[in-house]
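S.K.: Pasting the sequence and the predicted coordinates here, then a few questions.
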Amino acid sequence: MSMVTDDKRRKGRGALSNRSGRFEGSQRVDVDDGWDALETLAPFKTTITMETPKTVITRNESPDISFDRSINPYRGCEHGCVYCFARPTHAFMGLSPGLDFESRLFVKQGAAERLERELGAPGYKPRTIAIGTNTDPYQPIERDHKVMRSILEVLAKCDHPVGIVTKSALVTRDIDILAPMAAKGLVKVALSVTTLDATLARTMEPRATTPGKRVEAIRLLAAAGIPVTVMVAPIIPAVTDTEIETILELAHAAGAREAGYVMLRLPLEVRDIFKEWLLAHFPDRFRHVMSLVQSMRGGRDYDAKWGQRMTGTGPYAAMIARRFEIASDRLGFPKVRSKLRADLFTPSHPQARQLDLFGP
């Protein structure tokens, strides 16, 4: 039985279905019972729920990433990237990692105030905070809610280092905050460019900024003195892998001075969501793409081993790594990335900490 949702209901979305998460005891399936002429289901619309987080900074001890703390201003992401490895997080709320993930969003109201308290806590030691490593902080709802901007205002006031990853040109709105921070060595921005093919991007990441606008965002950020990294991520075998060198060249010409890549990752529910999309848009390549994916993951669709999950293993993965290395060397991208300063950090005003006695 097909789980694919009617295309009129999911127009402008990335996932093709709204299959239930792994913790649910039953599965939801769209079925034509013959009454569709009388009973038509409404299209998926973006809904927003406000939530007040108890903490804002999330800690991790993952040995294969460069940061130990991060902030996610939102849950879910309207960009709808079909390959997004963060989709499975919606299952923890009893929602689908499919269409729910990109249409039922959560806004962390009061995040900036909570962050200021956490930065002012006794014994807090500053290290780079990563933002955008799960869901995009500059997804469309940021235009109205401005949670990311309010977080940046707190970090700028405290001279706290921050690294940002995004697919959105909306990041250029905050150049007025980012440029002064960059002058102090406190910020880096990474733009993720998956493909330069606008038609492919529209089906694969339907509500993210177009590829051309992302390259333009690199140019604007670099012109403002903000260090920019281009992330060729994810690289999808036999779909986007031919574009590695071209993406690096255009990004370097626009002003990016560091570069990185991540191979396609298919953890948990992402596997089936991606396979549905691949079969719908590239049926002739389905077997070839999945064969290459499995060749990098020990014969499976995914392998979460530390140190391997980002790049994969095997001949194909080694070939991609070598191509990336050769192109990066030719363009002058450094092998070692620069570090941000943490010695300028000034804790929140003591008065803010005293207010905690009377606040939540």
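M.R.: Yep, it's here. Please read these numbers as outputs of a predicted model, since none were measured by experiment.
S.K.: Off-centre distance for the particular helix or strand that has Val215 in it?
M.R.: Remark: Val215 resides in helix 211-223, with elements defined by DSSP states H and E. Taking the mean of its C-alpha atoms, helix 211-223 sits 17 Å from the chain's own mean (Cα atoms, centre = their mean, to the nearest Å).
S.K.: next SSE after that helix?
M.R.: Counting by DSSP H and E, what follows helix 211-223 is strand 228-235.
S.K.: elements contacting that following strand?
M.R.: Judged by 3 or more Cβ pairs under 8 Å, 6 or more residues apart in numbering; DSSP states H and E, strand 228-235 is in contact with strand 187-192, helix 211-223, helix 244-254, strand 258-263. For every residue, glycine as well, the C-beta is placed using N, CA and C.
S.K.: what comes up buried for the third one?
M.R.: Within helix 244-254, the residues that count as buried by 16 or more other Cβ atoms under 10 Å are Ile244, Glu245, Ile247, Leu248, Leu250, Ala251, His252, Ala254.
S.K.: Can you give me the pLDDT of the spatially closest residue to Asn18 that is not a sequence neighbour?
M.R.: Of all residues not flanking Asn18 in the chain, Leu99 sits nearest, at 4.1 Å (Cβ to Cβ, 6 or more residues apart in numbering). pLDDT recorded at Leu99 is 95.
S.K.: show me what contacts Leu99?
M.R.: Applying Cβ atoms under 8 Å, 6 or more residues apart in numbering to Leu99 gives the contacts Thr5, Arg10, Arg13, Ala15, Ser17, Asn18, Phe44.
S.K.: Tell me where this protein has strands.
M.R.: Applying DSSP state E to the chain gives strands spanning 47-51, 58-59, 69-71, 74-75, 104-108, 129-131, 162-166, 187-192, 228-235, 258-263.
S.K.: Deepest-packed of these, please.
M.R.: strand 187-192 (a mean of 26; mean count of other Cβ atoms under 10 Å).
S.K.: Each with direction, which strands does that one pair with?
M.R.: Counting by DSSP bridges, the strands paired with strand 187-192 are strand 162-166 (parallel), strand 228-235 (parallel).
S.K.: Distance from the chain centre to the last one, please.
M.R.: This means strand 228-235. On Cα atoms, centre = their mean, the centre of strand 228-235 falls 11 Å from the chain's centre.
S.K.: for the record, mean pLDDT for it?
M.R.: The pLDDT scores in strand 228-235 average 98.
S.K.: That one versus strand 258-263: what angle between them?
M.R.: Going by axes from the mean of the first three to the mean of the last three Cα atoms, to 10 degrees, strand 228-235 is angled at 10 degrees with respect to strand 258-263.
S.K.: Sweet, I'm off.
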